[in-house]
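Peer 1: How does the following fold in three dimensions:
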Amino acid sequence: MTTDVLLYTTNWCPFCRRAKMLLKEKGVQWKELDIEADPVHRQAMTEASGRRSVPQIFINGTHVGGSDELFELDVRGELDKLLGRTPRAYRGGAARAVTP
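Peer 2: Numbers count the residues shown, from 1 in each chain. Sure, this is the predicted structure:
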């Protein structure tokens, strides 16, 4: 199953880095749009999510929120389901140790 993951980010955002670390740990590929590099991305993000903060994360076209929501989904085992994977128990990996 192919999962589409879209992240709206900025290059300086620690929460963006944290979210990307979790996705990388899970072996997920994503498309990243820098809202500072292109104002069109900022407008698209705001219209799609109703939010102005980054990151804003979409999985298969569904807005899941920001970094905190992504980690909450992971702890509850729901992130793996959204990604089309068998849920695993919370492992407390390296990405969780990073504080923004």
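Peer 1: Do me a favour and average the pLDDT over stretch 66-85.
Peer 2: Rounded to a whole number, the mean pLDDT of stretch 66-85 is 95.
Peer 1: Could you give the bridge partners of the residue most central in space within the chain?
Peer 2: By C-alpha atoms, centre = their mean, the mean C-alpha position of the chain lies nearest to I57, the distance being 4.2 Å. Under DSSP bridges, the beta-bridge partners of I57 are L7, G65.
Peer 1: right, and it touches V5 too?
Peer 2: Yes: counting by C-beta atoms under 8 Å, I57 touches V5, with 7.2 Å between them. From N, CA and C alone the C-beta is placed, and that goes for glycine too.
Peer 1: Is L6 in contact with P55, as I believe?
Peer 2: No: judged on C-beta under 8 Å, L6 makes no contact with P55 at a distance of 9.9 Å.
Peer 1: Those two: who's more crowded?
Peer 2: Neighbours were counted for L6 and for P55 using other C-beta atoms under 10 Å; P55 has more, 26 against 19.
Peer 1: which residues does the residue lying closest to that one once chain neighbours are set aside contact?
Peer 2: In this structure, P55 finds its nearest non-sequential neighbour in C16, 4.4 Å apart by C-beta to C-beta, 6 or more residues apart in numbering. Contacts here follow C-beta atoms under 8 Å, 6 or more residues apart in numbering; on that basis C16 touches L7, T9, T10, V54, P55, S67.
Peer 1: can you do 7 Å?
Peer 2: Contacts for C16 were tallied using C-beta atoms under 7 Å, 6 or more residues apart in numbering; they are L7, T9, T10, V54, P55.
Peer 1: The first one and H63 touch, don't they?
Peer 2: No: with contact defined as C-beta atoms under 7 Å, L7 and H63 do not form a contacting pair (11.5 Å).
Peer 1: can you pull out the strands in the protein?
Peer 2: Assigned by DSSP state E, the strands in the chain fall at 5-9, 31-34, 56-59, 62-65.
Peer 1: Since that was my last question, I'll sign off now.
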